[in-house]
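S.K.: what shape does this take:
(one chain, ligands or ions: 1)
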Amino acid sequence: MISSPDAAKIILVSQAHLFKPTYPPSKMKMIGPDALFFHQGEYHSTLKRLVRVSFSPSALARSVPEIEKLVLSFLSSWENNSTIHTLHEMKKFAFDVAMHSAFGDIEQEEIQGIKCLYQRLEKGYNSLPLDFPGTPYHKAMKARKKLTERLKKLIEKRRENSERRGGLLGVLLKAQEENVGNGLNDNQIADNIIGVIFAAHDTTASVLTWALKYLHDHPNVLEDVTREQEGIRHKLESEGNRGLTWDDTRQMSVTSRVIQETLRSASILSFTFREAVEDVEFQGFTIPKGWKVLPLFRTIHHSPDFFPQPHNFDPSRFQALPKPNTFMPFGSGIHSCPGSDLAKLEMLIMLHHLTTTFRWKVIGAKDAVQYGPFPVPKGGLPIQVYPRN
Ligand code: HEM
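M.R.: Okay, the predicted model is just below:
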């Protein structure tokens with residue numbers, strides 16, 4: 001287990017070729033063995049480049065109106081609904097954003113079909129990998145197979161109509177047509193689409209849930225965020241009630257610091273797994289081939305050497321840049337998260353509308369945590385919401 005920033009950098013960045021990512025085989029089968037997480041070398045770098053194109057700032061800037069539309073439709077469903085299960089709601093929201101990012105323009109009926117299968121897959125994701133009829137794992141694997149079939153039909157349809165219709169699927173289909181990286185087959189495309197949806201939604205939803213908890217527990221921080229967001233709202237109103245743009249989100253410095261502090265404090269990805277691909281001499285020790293190596297993000301994020309009084313929620317600490325390799329909520333090196341800008345963008349847009357429209361009170365246990373597998377406030381943070389004014 002690695003808890004020093006310099007050692008984490010060696011594992012994840014400078015000697016990354018000696019430490020491959022590893023996941024339990026059952027999880028690999030469920031997400032899809034061709035998803036980029038599980039690979040090193042040329043296949044990984046080709047796919048990573050394509051995913052990065054799809055989530056680049058210029059692509060994200062175009063998706064701001066759609067994300068804002070999703071936020072508004074979510075929040076309007078809260079109005080008559082006084083008790084909210086925060087994690088469930090945020091999962092629905094982050095899933096819809098992930099679907100839009102993955103498929104671009106897609107029919108509602110198609111979304112519902114994929115959502116239904118994905119939910120069945122998710123139910124068995126953390127179960128024991130016992131693959132016989134009736135077990136949650138077996139049901140999840142059946143849903144996974146149907147999901148591939150459904151995606152392959154969608155790929156076929158888009159190819160027949162020469163439609164790419166945006167999103168990561170559009171980028172991957174174009175790469176397939178142009179024979180990028182010796183061409184991608186439909187299985188590889190399907191596994192990477194499912195992989196990205198998987199990586200995108202539970203993570204973002206858990207972080208948003210923590211953000212609501214921290215804002216609730218720190219009314220002064222909530223007021224600072226609201227003041228900043230009110231300023232932006234007035235600007236939008238004075239410019240003909242226009243919607244948010246990418247540039248507006250770049251002005252949200254107070255809210256961005258709250259997101260950074262939430263990422264540090266909650267550290268929902270507490271660590272990651274690597275495996276030595278050969279015997280490696282490391283700081284006077286030998287790490288034998290096949291041994292697991294775990295860089296512990298949470299331990300680094302909670303070290304008083306890098307973040308004084310680490311248990312205090314204090315967004316102002318991010319007014320200064322953290323020391324190198326001490327803040328890695330999105331990992332580091334070749335396997336670092338390609339969705340970090342999307343995650344931050346959707347959180348900023350959600351917090352803009354949430355803090356200027358609503359207030360909320362946490363119901364039940366205050367400081368208990370549950371793991372599912374990411375740490376989240378117990379019970380998924382049930383809250384009572386009411387209009388701000
Ligand atoms: C707040 C939300 C998120 C957090 C905290 C997060 C965190 C991370 C971390 C720590 C890694 C590196 C894992 C490792 O090194 O083993 C990672 C990888 C990844 N993330 Fe995210 N992520 C988030 C949201 C997203 C989103 C929205 C997407 C959608 C594109 C995404 C897609 C991916 C992918 C595809 C990888 C694998 C990259 C590779 O292996 O090269 N993530 N994420």
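S.K.: can you show me the helices along the stretch 101-250 of the chain?
M.R.: For the stretch 101-250 of the chain, the helices defined by DSSP state H, counting those that start in this stretch occupy 108-125, 136-160, 167-177, 186-217, 219-238, 246-250.
S.K.: what residues does the protein have near the ligand?
M.R.: 21, 36-37, 48, 51, 55, 196, 199-200, 203-204, 207, 268-269, 272, 329-331, 335-339, 342-343 (Cβ under 6 Å from any ligand atom). Where C-beta positions appear, they are placed from N, C-alpha and C, glycine not excepted.
S.K.: out of those, which are buried?
M.R.: 21, 36-37, 48, 51, 55, 196, 199-200, 203-204, 207, 268-269, 272, 329-331, 335, 337-339, 342-343 (16 or more other Cβ atoms under 10 Å).
S.K.: now do stretch 271-282: distance to the chain's middle.
M.R.: Distance of stretch 271-282 from its chain centroid, counting by Cα atoms, centre = their mean, to the nearest Å, is 25 Å.
S.K.: buried deepest among the helices of the stretch 101-250 of the chain, which one?
M.R.: helix 186-217 (a mean of 22; mean count of other Cβ atoms under 10 Å).
S.K.: quick revisit: looking at the helices of the stretch 101-250 of the chain, which is nearest to residue 29?
M.R.: When the helices of the stretch 101-250 of the chain are compared by Cβ to Cβ, helix 136-160 sits nearest residue 29, at 7.1 Å.
S.K.: how far does that closest one sit from the chain's center?
M.R.: Chain-centre distance of helix 136-160: 22 Å, with Cα atoms, centre = their mean.
S.K.: again with stretch 95-105
M.R.: With Cα atoms, centre = their mean, you get 13 Å for stretch 95-105.
S.K.: keep only those of the buried ones among the residues of the chain next to the ligand that are in strands.
M.R.: residue 21 (DSSP state E).
S.K.: for the closest residue to the ligand within the chain, grab phi and psi.
M.R.: Scanning the chain for proximity to the ligand using Cβ to the nearest ligand atom identifies residue 339 as nearest, at 2.1 Å. The phi/psi pair for residue 339 (degrees, to the nearest 10) reads phi -100, psi 10.
S.K.: ok, it touching residue 55?
M.R.: Yes - counting by Cβ atoms under 8 Å, residue 339 does reach residue 55; the two are 5.6 Å apart.
S.K.: shaky segments in the chain?
M.R.: Low-confidence segments of the chain (pLDDT under 70): 80-81.
S.K.: list the contacts for residue 266?
M.R.: 206-207, 210, 375 (Cβ atoms under 8 Å, 6 or more residues apart in numbering).
S.K.: what's the spacing between the nearest residue to residue 184 once chain neighbours are set aside and residue 105?
M.R.: Among residues not flanking residue 184 along the chain, residue 176 sits closest, at 4.8 Å (Cβ to Cβ, 6 or more residues apart in numbering). According to Cβ to Cβ, to the nearest Å, residue 176 stands 19 Å off from residue 105.
S.K.: now residue 144
M.R.: Going from residue 144 to residue 105 by Cβ to Cβ gives 25 Å.
S.K.: count the neighbours of the closest residue to residue 212 other than its chain neighbours for me.
M.R.: Nearest residue to residue 212 in three dimensions, chain neighbours excluded: residue 86, at 5.5 Å (Cβ to Cβ, 6+ apart). Counted by other Cβ atoms under 10 Å, the residues lying close to residue 86 total 25.
S.K.: what of residue 368?
M.R.: What residue 368 shows, counting by other Cβ under 10 Å, is a neighbour count of 9.
S.K.: so it is in contact with residue 377, correct?
M.R.: Yes - in this structure residue 368 lies within contact range of residue 377 using Cβ under 8 Å: 7.3 Å.
S.K.: any chance of CSV for the helices of the stretch 101-250 of the chain, columns distance to residue 6?
M.R.: Shown next, in CSV, are the helices of the stretch 101-250 of the chain (distance: least, Cβ to Cβ, whole Å):
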stretch, distance to residue 6
helix 108-125, 34
helix 136-160, 40
helix 167-177, 34
helix 186-217, 26
helix 219-238, 32
helix 246-250, 32
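S.K.: for residue 11, find the nearest of those.
M.R.: Comparing these by Cβ to Cβ, helix 186-217 comes nearest, at 20.2 Å.
S.K.: got the angle between the closest one and helix 167-177?
M.R.: Interaxial angle, helix 186-217 versus helix 167-177 (axes from the mean of the first three to the mean of the last three Cα atoms, to 10 degrees): 160 degrees.
S.K.: could you list the buried residues of the helix or strand where residue 351 lies?
M.R.: Element membership of residue 351, judged by DSSP states H and E, is helix 340-357. Residues of helix 340-357 classed as buried by neighbour count (16+ other Cβ under 10 Å): 341-357.
S.K.: if anything else comes up later, I'll come back, but that's it for now.
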